[in-house]
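>>> Sequence and predicted model, in that order:
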Amino acid sequence: MIRVGKIVATHGLQGAVVMTHVIGHSDWLKKEMPLFIELNKESYIPYFIEEFKATNHEEYIVNLEEVDQMEQAKKFIGKNVYAQEEILADKAADSPLLWIGFEVTDRKHGKLGIIDDIMLTANQWLAQLTYKDSEVLIPLIEQTIDGVDLKKKKMQVNLPDGLLEVYTG
């Protein structure tokens, strides 16, 4: 499963929730599709979509099956939401934010670490991870990425010579 967003609020009295997402498109969510909500750490409970409405490219109002009261929906506020990899396979190239939590391996240096965060600078995406007790920023560009495996949550990179040494001395 891949983290796709977070429940940020309830909406109305009928148990709808407001979900922000990192996909970058508002066409990936489907009726009756399961969303997995992390109610407790690494405990992903499936909830099927009854109805939904995109409010913009980063937010949905979602009605989940068997959640029909605001009090029920309140327990989801602040919880991360996940979806199955297959649903997002064609969206991954468009949204590097899906790669948070992926293990990064470099051709020369081997395993570097887990992506803690992804940020967008003026013109490019950067992955933040901790390598040898130092925060490292890796440019997520065609020249550095050798491959991404959504199912295994792994990224293979070929970093320019000296990039890691800038951070680790």
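Looks like it came in fine.

>>> C-alpha only now, for contacts and for neighbours.
Fine.

>>> quick one: average pLDDT of the strand ranked longest in the chain?
In the chain, with assignment by DSSP state E, the single longest strand is strand 43-56. For strand 43-56, the mean pLDDT works out to 93.

>>> Report the strands that pair with the following helix or strand past it, each with its relative direction.
Tracing the chain C-terminally past strand 43-56 and defining elements by DSSP states H and E, one meets strand 59-64 next. The strands beside strand 59-64 in its sheet (DSSP bridges) come out as strand 16-21 (antiparallel), strand 43-56 (antiparallel).

>>> mind giving me the domain split of this protein?
2-86, 96-168 (automatic domain parsing).

>>> Look up the pLDDT of residue 124 for me, please.
82.

>>> What residues does residue 17 make contact with?
Taking CA atoms under 8 Å, 6 or more residues apart in numbering, we find residue 17 in contact with 7, 8, 9, 10, 11, 61, 62, 63, 73, 76.

>>> is it in a bridge, and if so with what?
Bridge pairing for residue 17 - DSSP bridges - gives residue 10, residue 62.

>>> so how far is residue 4 from it?
15 Å (CA to CA, to the nearest Å).

>>> One more: residue 27?
For residue 27, the distance to residue 4 - CA to CA - is 13 Å.

>>> more crowded one of these two?
residue 4 (22 against 9; other CA atoms under 10 Å).

>>> residue ranges with poor pLDDT in the chain?
25-26, 89-94, 169 (pLDDT under 70).

>>> tell me the helices in it, going along the chain?
70-74, 85-88, 163-168 (DSSP state H).

>>> contacting residues around the nearest residue to residue 127 once chain neighbours are set aside?
Spatial nearest neighbour of residue 127, chain neighbours left out: residue 118 (4.6 Å); criterion: CA to CA, 6 or more residues apart in numbering. Counting by CA under 8 Å, 6+ apart, residue 118 touches 96, 97, 99, 100, 125, 126, 127, 128.

>>> what do you get for residue 156?
104, 105, 106, 107, 145, 146, 147, 148.

>>> Now go through those residues and say which are in strands.
Per DSSP E, the contacts of residue 156 map to strands at 104, 105, 106, 145, 146, 147, 148.
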